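J.: sequence plus predicted model, see below.
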2 protein chains.
Amino acid sequence: MPGTKKVEGTLGIIAGRGSLPSVIARAAMASEIPIHLVAIRGETSEEIERFPHTWIQWGEIGKLLAALKDNTCTDLVIIGGVNRPDFDNVRLDLGAIKTLPFLLSLAKGGDDHVLSRVVRFFEEKGYHIHGAGQVLPELLAGEGKLSTKAPSAEDKGDIATGFEVVRALGRHDIGQAAVVARGRVLAVEAAEGTDAMLQRCAELRKSGRARGALTGVLVKAPKPGQEERIDMPTIGPETMRLAAAAGLSGLAVAAGQVLMAQRSETIAAANANKLFLIGERWDADADPVSGE
Amino acid sequence: MPGTKKVEGTLGIIAGRGSLPSVIARAAMASEIPIHLVAIRGETSEEIERFPHTWIQWGEIGKLLAALKDNTCTDLVIIGGVNRPDFDNVRLDLGAIKTLPFLLSLAKGGDDHVLSRVVRFFEEKGYHIHGAGQVLPELLAGEGKLSTKAPSAEDKGDIATGFEVVRALGRHDIGQAAVVARGRVLAVEAAEGTDAMLQRCAELRKSGRARGALTGVLVKAPKPGQEERIDMPTIGPETMRLAAAAGLSGLAVAAGQVLMAQRSETIAAANANKLFLIGERWDADADPVSGE
């Protein structure tokens, strides 16, 4: 495996919401990488209990660091979104109180600002932080047509517009995705996430504010300078169901830069919903003028 | 009145959804401008029946043009959003069939594309098209502090970021508004409209994905090249209620470029909800580099 050599000891997986932590734990074990998950009460799915794990509460930084140390973790993957903690419900242990200035610094700024600080925090403790796709590159969406269906000429125009919009947005640390239908930008993702944006498109379609059916594309790509190690854009089977419900024709993602952990289920869901799914070469930091 | 001299004969008001058409009809009558409203079944509020009016169905272009001609309209205001018509439910009269290539051309492209074509269509028939604010400048949000509350230093930073985001978006014919809280862009408006975007921010706040209360600003400004005569950004009392429900600190709008037809009610709603409301100088077409 190209990725396995990167992990020296045990791979710590700090597990957020959804099924991704389990998918990655399973993939790591299949690649014979020893793992230990740290799961957050109220965030992480109990599915992860089938793997070696430690539960913590929000704010138990001391317990988190002890779990990583006791299990000889040298490398870390931080995966699955978390809700921004409600600071009223955080249990600060001794380890947390020691890192209070760090915690307070998280309360301000865009997503990338917060995530960069989280990465630096663990790096300063001596851990190597990896994106799940770096350790397990088979989990990334590749280049070219992944579905049975291919984009039409009109879809290709919408894809180009979508990538331009994501590029323009990224300069302001906004979202990772946009929906374009027949040249019109229907929706732009900011803090709500891709699923909520797709649900909004389905509502627009129903209310008559977006015309037609089976037109429009979702484009998803990292922001320029995005901390891809812990905030990689992600698609899965649910993305396909929501895209179909929004009446879209298909999806285009930045090849090699979007996590598609449930690969076969995701492609099957694209095909079952008559969506195209393609990976396109994408350089988030490219000059926007020459990129257009 | 500075605006009244612009209207030579009767002011035709093509009336979309909401209370704006009635507000403008009332303001025009107060300025002694003769008016005739054309109202669209299923879109326009029946409130407008207190003014001289003609009802049409979507697609009755012939009836629309006849109503304008029979009532000696020389000038037009097109006001209040409409749903993009579901082309299955449009009744095409003879006048519509004559303009079929025009109608079909509306089915493609961004908002501005559609609106520019609508303006050109009426201009080619000899009408002068005005923005409501051009005929009735007292309906525009002015420069400076309009509310009792003033923005804090943090709010001012969020306002600057919001205007930058709206500028970046406008280049792609996207929306007119964004919400920024403590440097983080929470939401960007595309096809869903400002009200829906504010409701989304309220949900983000509830779900813990946007922190804090009474922080964050809504910034609203026209897109560069926006057809302001028929698609001017608009705020009203409901905007204030939704902004307060989203936990925002206040609103900043482009001075002289945002319609605030219910002026006293809007300012009263801002004050009642402890929001600041300010108008800032804004040139949508300014160089983004020097503008930052």
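T.: That came through, no problem. Here the structure is a predicted model, which is why all the values come from computation and not from measurement. Numbers count the residues shown, from 1 in each chain, chains lettered A, B, ... in the order given.

J.: and the gap between residue A:194 and chain B?
T.: 13 Å (Cβ to the nearest Cβ, to the nearest Å). (Each C-beta comes from the backbone N, C-alpha and C, glycine too.)

J.: what sits against the residue nearest to that residue when sequence neighbours are not counted?
T.: What sits nearest to residue A:194 in space, not counting adjacent residues and going by Cβ to Cβ, 6 or more residues apart in numbering or on different chains, is residue A:177, at 5.0 Å. Residue A:177 is in contact with A:166, A:188, A:189, A:194, A:197, A:218, A:219, A:220, A:221, A:233, counting by Cβ atoms under 8 Å, 6 or more residues apart in numbering or on different chains.

J.: mind listing which of those residues are in helices?
T.: A:166, A:194, A:197 (DSSP state H).

J.: re the thing from before, could you flag which of the contacts of residue A:177 are buried?
T.: Buried members of these, counted by 16 or more other Cβ atoms under 10 Å in any protein chain shown: A:166, A:188, A:189, A:194, A:197, A:218, A:219, A:220, A:221, A:233.

J.: distance of the fifth one from chain B?
T.: Computed with Cβ to the nearest Cβ, the distance linking residue A:197 and chain B is 9 Å.

J.: and if you look at residue A:69?
T.: When residue A:69 is compared with chain B (using Cβ to the nearest Cβ), they lie 30 Å apart.

J.: and residue A:268, by the same measure?
T.: From residue A:268 across to chain B, the span is 30 Å (Cβ to the nearest Cβ).

J.: that residue: how many residues sit nearby?
T.: The local packing of residue A:268 (other Cβ atoms under 10 Å in any protein chain shown) involves 14 other residues.

J.: what packs against the helix or strand harbouring it?
T.: Element membership for residue A:268 (DSSP states H and E) is helix A:263-272. Helix A:263-272 sits against helix A:237-245, strand A:276-280, with contacts defined as 3 or more Cβ pairs under 8 Å, 6 or more residues apart in numbering or on different chains; DSSP states H and E.

J.: partner strands of the shortest one, with direction?
T.: The strands beside strand A:276-280 in its sheet (DSSP bridges) come out as strand A:144-145 (antiparallel), strand A:250-254 (parallel).

J.: gap between stretch A:13-24 and the chain center?
T.: Counting by Cα atoms, centre = their mean, to the nearest Å, stretch A:13-24 is centred 11 Å from the centre of its parent chain.

J.: setting aside sequence neighbours, what's the nearest residue to residue A:130?
T.: Here the residue nearest residue A:130, using Cβ to Cβ, 6+ apart, is residue A:77, at 5.5 Å.

J.: where does the stretch 51-200 of chain A have low pLDDT?
T.: A:82-90, A:103-104, A:106-113 (pLDDT under 70).

J.: and the strands in it?
T.: For the stretch 51-200 of chain A, the strands defined by DSSP state E, counting those that start in this stretch cover A:53-56, A:73-79, A:128-130, A:144-145, A:177-181, A:184-188.

J.: most neighbours per residue, which of those strands?
T.: strand A:177-181 (a mean of 30; mean count of other Cβ atoms under 10 Å in any protein chain shown).
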